[in-house]
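K.L.:
need a 3D model of the following:
(chains A and B)
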Amino acid sequence: MAFEGLSSKLQEAFKKLKGKGKLTEKDVKDAMREVKLALLEADVNYKVVKDFINTVSERSVGQEVMESLTPAQHVIKIVNEELVTLMGKTESKLNVSSMPPTIIMFVGLQGAGKTTMTGKLALYLKKHNKKPLLVAADVYRPAAIKQLQVLGNQIDVPVFSLGDKVSPVDIAKAGVENAKKIGADYVIIDTAGRLHIDEQLMDELKNIKEAINPNDIMLVVDAMTGQDAVNVAEQFNASLDITGVILTKLDGDTRGGAALSIRAVTGKPIKFAGVGEKLSDLEVFHPDRMASRILGMGDILSLIEKAQESIDEKQALEMQKKLMTQQFTLDDFLSQMQQMKKMGPLKDILKMVPGLDSAKLGDLEVDEREIARTEQ
Amino acid sequence: MGWFDKLKEGLAKTRDSLTGKVDQILSFSRPVDEELLEELEEALIMSDIGFQTTTDIINLLRKRIKEKKVSDAEEVKKLLKEIIIELLGNEVRNILPEKTLAVYMVVGVNGVGKTTSIGKMAAYLKNKGYKVMLAAGDTFRAAAIDQLEVWGNRSGIDVIKHQEGADPAAVIFDAIQSAKAKKIDVLICDTAGRLHNKKNLMEELRKINKIIERECPDAYKQTLLVLDATTGQNATIQAKQFMEVSDVNGIILTKLDGTAKGGIVIAINNELKIPVKMIGVGEGIEDLQEFDPTAFANALL
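P.N.:
Reported below is the predicted structural model:
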């Protein structure tokens, strides 16, 4: 139920609408109800949803439906385009300092996954032939420093710590100095998780920022965050003028609507996403792919394109007729299978089908040989 | 500070945001119409109650408004509160054991505050006169064992542990033996945070469950799911997945001291019948409170 895709709901909403032509106001309104629901189920903030729906509605009404698409597909196309526009079209890189070291500061709520993420980013940098240093500035959570040291050990990256009796501002400053001394070109500072409404602790972050002047201030956000994501992002951004966002725990079955909300209210790019429990599970964030994930609609557009490219429409109609008049022969069956194969490996096709979640498909092996055998 | 003040304070932001909203909606005398209901619906959705449960609540509200011929917007608020209390079940809940030995397994996804909650639960139970022991079953996350030990030290409670990377089931096994030998009342078992869609990790929970079942079949067993109040609709999916490997008896709702409203627990209570038992309203060891649905709803609206 959770993954009843938006596209199937839209198809449902458009069931009565057989013909093509222009999208009327009523068509769009019906469709937007479904879009709204899908976005809310994905935890996109209500206000962001409202704005989004308005934009899409305005753009959709009166639009000529493309020859090759059904009205439902056409609306999906517009929704998708607008989502991509909102999320940003291209990947964002780290801000690199012209004079090393590049300083990156991690901030966020408790439990967002900051400490683990510092380890992941350090490993990522190391793989790109950089020399990172981790700085343990979380002096509040029990064993947070130890956790960072263990992570540093695992990936063979140095960890700078002054224990938990020194102020985080001083630790950060000393950490940057230490990076210069040991010739590290990236410094990643792990700060304690805190509430965005905790003024005292937010001031502490401001002081760290002032002291070390970081190139990047990354807000680390749990991808499963609900409606509150907007408040959190707004507050952190207002206090610190963050430069980017890192989404964690995106490997769950969460749709990650928070990504859209945060982007909408802060305008700041999402730079990375944590996609697994291993330290190597870090990905550069692709905003365009997030759009279809949020909508839970798979890569329906690519699927539509693929189908159009590979299937001869006339032939398909003929087949349909044969099937209905019970003249479908084994030869016809063979040609159907061959057409299907032209679309690419079945496993890849399945991934594009809305409602099927690719994580669950992970272990599934489609045996292409079965098809070959049937063909013989 | 008394517990009620603490609860009030903890829920203050919850209240401010939702109530702020509801009061705003209801403040000036306005007709009870669809527009009003739509705005209330928006307020509920903004508190993470979720679309389905919100729709259920609003439909029920609409029906009652009609039945009782309510024409005052203030009255509507009262009705709304009533409905929410009904959904939550109107009794104060906690994690006191019905008998001893009690074994609590604490589960949840990464970062919801399991270890911290366990530290607070231990202190809460100890204050109530129970002899408590902790088992460091999170052998996966770096320094999770140390973190639990710090909490144990704070309230003078024994922590049974193995090395990082050890088999969690073996830790739990040892802890049970130790708990029996020392005549412990409540054994609280930490487990590694896991994303609920990771199959082998969920299998591990099943295994721990089996150990508990085998080693102390007569114990009072509870599986408590820790949920982060900032989590959105995914919390329902989390609960469902954990239900598949264990009977989840209750929810510990953490991080209610932020601006998050934790409305998703209403949906979970409604759909999955898992009650909230305790709420976390701050960082201190005493900041774990019994769950009072009426107070929750009152503070919310």
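
K.L.:
spatially central residue in the chain, please.
P.N.:
With no chain named, the answer covers chain A. Geometric centre of chain A, nearest residue: A:Met290, 4.0 Å, by Cα atoms, centre = their mean.

K.L.:
try chain B instead
P.N.:
Nearest to the geometric centre of chain B sits B:Ile252, at 2.3 Å (Cα atoms, centre = their mean).

K.L.:
where does that one land in three-state SS?
P.N.:
strand (DSSP: H, G, I helix; E, B strand; the rest coil).

K.L.:
how close does the residue of the stretch 151-300 of chain B with the smallest separation from chain A sit to B:Gln289?
P.N.:
Nearest residue of the stretch 151-300 of chain B to chain A, counting by Cβ to the nearest Cβ: B:Gly232, 2.5 Å away. Bear in mind the C-beta positions are built from the backbone N, C-alpha and C, glycine included. Plainly put, B:Gly232 is 23 Å away from B:Gln289 if you go by Cβ to Cβ, to the nearest Å.

K.L.:
the more surrounded of these two?
P.N.:
Regarding B:Gly232 and B:Gln289, a neighbour count based on other Cβ atoms under 10 Å in any protein chain shown identifies B:Gly232 as having more, with 32 against 23.

K.L.:
counting neighbours, what do you get for the closest residue to that one other than its chain neighbours?
P.N.:
By the measure of Cβ to Cβ, 6 or more residues apart in numbering or on different chains, the closest residue to B:Gly232 outside its immediate chain neighbours is A:Gly226, 2.5 Å from it. Under the neighbour criterion other Cβ under 10 Å, A:Gly226 is assigned a count of 32.

K.L.:
run through the residues that contact the residue of the stretch 101-250 of chain A found nearest chain B.
P.N.:
Nearest to chain B in the stretch 101-250 of chain A, going by Cβ to the nearest Cβ, is A:Gly226, at a distance of 2.5 Å. When contacts are counted by Cβ atoms under 8 Å, 6 or more residues apart in numbering or on different chains, A:Gly226 touches A:Asp43, A:Ala258, B:Asp48, B:Thr230, B:Thr231, B:Gly232, B:Gln233, B:Ala235, B:Ala260, B:Ile264.

K.L.:
can we see that at 6 Å?
P.N.:
By Cβ atoms under 6 Å, 6 or more residues apart in numbering or on different chains, the residues touching A:Gly226 are A:Asp43, B:Asp48, B:Thr231, B:Gly232.

K.L.:
quick one: name the residues of the stretch 51-200 of chain A near chain B.
P.N.:
By the criterion of Cβ under 6 Å from any Cβ of the partner chain, the positions of the stretch 51-200 of chain A lying close to chain B are A:Gly111, A:Gly113, A:Pro142, A:Ala143, A:Lys146, A:Gln147, A:Val150, A:Leu151, A:Leu195.

K.L.:
ok, these vs B:Trp151, which is closest?
P.N.:
Sorting those by distance to B:Trp151 puts A:Pro142 at the head of the list, at 6.7 Å, by Cβ to Cβ.

K.L.:
can you tell me the SS state at the residue nearest to that closest one when sequence neighbours are not counted?
P.N.:
Take A:Pro142 and drop its neighbours on the chain: the residue closest to it by Cβ to Cβ, 6+ apart is B:Val150, 3.5 Å away. When the structure is split into helix, strand and coil by three-state DSSP, B:Val150 lands in helix.

K.L.:
chain A contacts on the stretch 51-200 of chain B?
P.N.:
Counting by Cβ under 6 Å from any Cβ, the residues of the stretch 51-200 of chain B that sit close to chain A are B:Phe51, B:Gly111, B:Gly113, B:Ala142, B:Ala143, B:Asp146, B:Gln147, B:Val150, B:Leu195, B:Asn197.

K.L.:
got CSV for those, with distance to B:Leu224 too?
P.N.:
CSV is the format used below for these (distance: Cβ to Cβ, whole Å):
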residue, distance to B:Leu224
B:Phe51, 27
B:Gly111, 17
B:Gly113, 12
B:Ala142, 24
B:Ala143, 23
B:Asp146, 22
B:Gln147, 18
B:Val150, 21
B:Leu195, 18
B:Asn197, 21
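
K.L.:
narrow these to those in helices?
P.N.:
Of the positions in these, B:Phe51, B:Asp146, B:Gln147, B:Val150 sit in helices, assigned by DSSP state H.

K.L.:
and the furthest pair within those residues?
P.N.:
Distances among those were taken as Cβ to Cβ; the most separated pair is B:Phe51 and B:Asp146, at 41.7 Å.

K.L.:
closest one to B:Met105 out of the residues of the stretch 51-200 of chain B next to chain A, please.
P.N.:
Distance from B:Met105 was checked for each of these by Cβ to Cβ. The minimum falls on B:Gly113, at 15.9 Å.

K.L.:
in its sheet, which strands sit next to the one helix or strand A:Leu219 maps to, and in what direction?
P.N.:
Element membership of A:Leu219 [criterion: DSSP states H and E] is strand A:216-222. The sheet places strand A:216-222 alongside strand A:102-107 (parallel), strand A:244-248 (parallel), with pairing taken from DSSP bridges.

K.L.:
which strands or helices does the following helix or strand past the shortest one pack on?
P.N.:
Secondary structure here is assigned by DSSP H and E; on that basis, the next helix or strand after strand A:244-248 toward the C-terminus is helix A:257-266. Secondary-structure packing of helix A:257-266 (3 or more Cβ pairs under 6 Å, 6 or more residues apart in numbering or on different chains; DSSP states H and E): helix A:229-240, helix A:287-295.

K.L.:
hmm, the residue of the stretch 151-300 of chain B closest to chain A is touching B:Asp48, no?
P.N.:
Yes. Under the contact definition of Cβ atoms under 6 Å, B:Gly232 touches B:Asp48, with a separation of 5.4 Å.

K.L.:
which among the residues of the stretch 51-200 of chain B next to chain A gets closest to A:Met319?
P.N.:
Distance from A:Met319 was checked for each of these by Cβ to Cβ. The minimum falls on B:Asn197, at 38.7 Å.

K.L.:
so what's residue 186 scoring on pLDDT?
P.N.:
Chain wasn't specified; assuming chain A. For A:Tyr186, the pLDDT comes out at 98.

K.L.:
actually, chain B is the one I wanted.
P.N.:
B:Val186 is assigned a predicted lDDT (pLDDT) of 98.
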